[in-house]
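Asks: pasting the sequence and the predicted model now:
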Amino acid sequence: MSQLPSLSMTMRRAIPICAAAVAALGSNAAFAKHINTLGAWDGSSYVEPFGCPDTTTYGQVITVPKGETTLDKFTFEWKNLDTGSFVARGEVYAWNGSMATGSALWESKAKTFSFSDGLFHKVTFKPGAVPVTAGQQYVVFVSIDKDYEKCTNSYEVGWGYLPTGPYTGGDFVYQNNEGNEGNWTTVPWSVFTGSDLAMKMTFGP
């Protein structure tokens, strides 16, 4: 059965952000090297469940800052909701406004993830100079779909999440694919408009 992501927040209200921080987050100059929502995240709010067996693809739409030509690294925050493991891959695709489009610009090797302490952990992927175009949108995501046959248990994680995200260049997106990676580029993704994942995107020159 497909699942809708749910939110877990210590306080169900908009996360306060000072005016100066909002101004900086909305400025292209502030994102000369990074798109970073980690500083605005409260350190405890998360969206879930990502993992086996249903909701297998979570990601963030981004707009490449002015002057940047490569995406070098991206980081998300995860915490386990139960015990076990799954195999997933990091992905970078162009975004057409409703779904991923074209072929993968980058895909990581399959990697096994397993946390059991209930704490948040930084999960980092290092594409290393993936060519991107300033001003264009991309979807940066992690998916279990290509390794779905390895889902031998029900293991899920929550992702650090800002329900009223300060980043205006994209939103949190997801798919309930149950192993069908063909949906990435053929089926519109579900979008949580105005919200962001806790993330850091690092760009090259």
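Replies: Received, thanks. Numbers count the residues shown, from 1 in each chain.

Asks: tell me, what residue is most central in this protein?
Replies: By Cα atoms, centre = their mean, the chain has its centre lying nearest to G59, at 3.2 Å.

Asks: may I have the secondary structure class of it?
Replies: Classification of G59 using DSSP: H, G, I helix; E, B strand; the rest coil returns strand.

Asks: quickly list what it is bridged to.
Replies: F141, V173 (DSSP bridges).

Asks: okay, buried residues for the helix or strand where V191 lies please.
Replies: For V191, the host element (DSSP states H and E) is strand 190-192. Residues of strand 190-192 classed as buried: F192 (neighbour count, 16 or more other Cβ atoms under 10 Å). Yep, even glycine has a C-beta here, placed from its N, CA and C like the rest.

Asks: what's in contact with that strand?
Replies: 4-5, 47, 61, 171-176 (Cβ atoms under 8 Å, 6 or more residues apart in numbering).

Asks: can you tell me which of the residues you listed has the most neighbours?
Replies: Among the contacts of strand 190-192, F172 has the most neighbours (other Cβ atoms under 10 Å), with 27 neighbours.

Asks: thought the residue nearest to the centre of the chain was touching V140?
Replies: Yes - counting by Cβ atoms under 8 Å, V140 is a contact partner of G59 at 5.8 Å.

Asks: so what sits against both of those two?
Replies: E91.

Asks: point out where the protein drops to low pLDDT.
Replies: Within the chain, the ranges that satisfy pLDDT under 70 run 1-4, 6-32, 205.
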